[in-house]
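**Q** quick one, what's the 3D model for this:
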Amino acid sequence: MKKICPRCGASFDCMHDQDMSRCHCSYVTLTSNQRDKIKALYNDCLCRRCLLHYSEE
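**A** You can find the predicted model right below:
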């Protein structure tokens, strides 16, 4: 499914509903605090680049 990242506006393929093992969010490690921050700021999936940004905070 094509999605638009609510943080940066980039278009990306979300595999969450089809095959979670192929979804980019499966490969980015986030702490529970990082996940909570993302959930508080955005109401949809973020692209890989934005997830990586938060994982480096």
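
**Q** out of everything not next to it in sequence, what's closest to Lys37?
**A** Of all residues not flanking Lys37 in the chain, Tyr54 sits nearest, at 6.9 Å (CB to CB, 6 or more residues apart in numbering). Glycine gets a C-beta too; all of them are placed from N, C-alpha and C.

**Q** tell me the pLDDT of that neighbour.
**A** Tyr54 is assigned 94 on the pLDDT scale.

**Q** just checking, it touches Leu30?
**A** Yes. Look at Tyr54 against Leu30 with CB atoms under 8 Å: they come within range, at 6.3 Å.

**Q** which SS class is Cys50?
**A** Here Cys50 takes the helix state, with states given by DSSP: H, G, I helix; E, B strand; the rest coil.

**Q** got a list of what it touches?
**A** 5, 7-8, 10 (CB atoms under 8 Å, 6 or more residues apart in numbering).

**Q** any idea how far Ser11 is from it?
**A** The gap separating Cys50 from Ser11 is 13 Å, by CB to CB, to the nearest Å.

**Q** check Thr29 too.
**A** Distance of Thr29 to Ser11, computed by CB to CB: 24 Å.

**Q** and for Arg48?
**A** If you go by CB to CB, the gap between Arg48 and Ser11 works out to 12 Å.

**Q** give me the more crowded residue out of the two.
**A** A direct count of neighbours by other CB atoms under 10 Å for Arg48 and Ser11 places Arg48 higher, at 16 against 9.

**Q** OK, contacts around the residue nearest to the more buried one when sequence neighbours are not counted?
**A** Excluding the flanking residues, the one nearest Arg48 by CB to CB, 6+ apart is His24, at 4.1 Å. Shown here is His24, whose contacts under the criterion CB under 8 Å, 6+ apart are 12, 15, 47-48, 51.

**Q** now, which of these sits nearest Met1?
**A** Nearest to Met1 among the contacts of His24: Met15, at 7.8 Å, using CB to CB.
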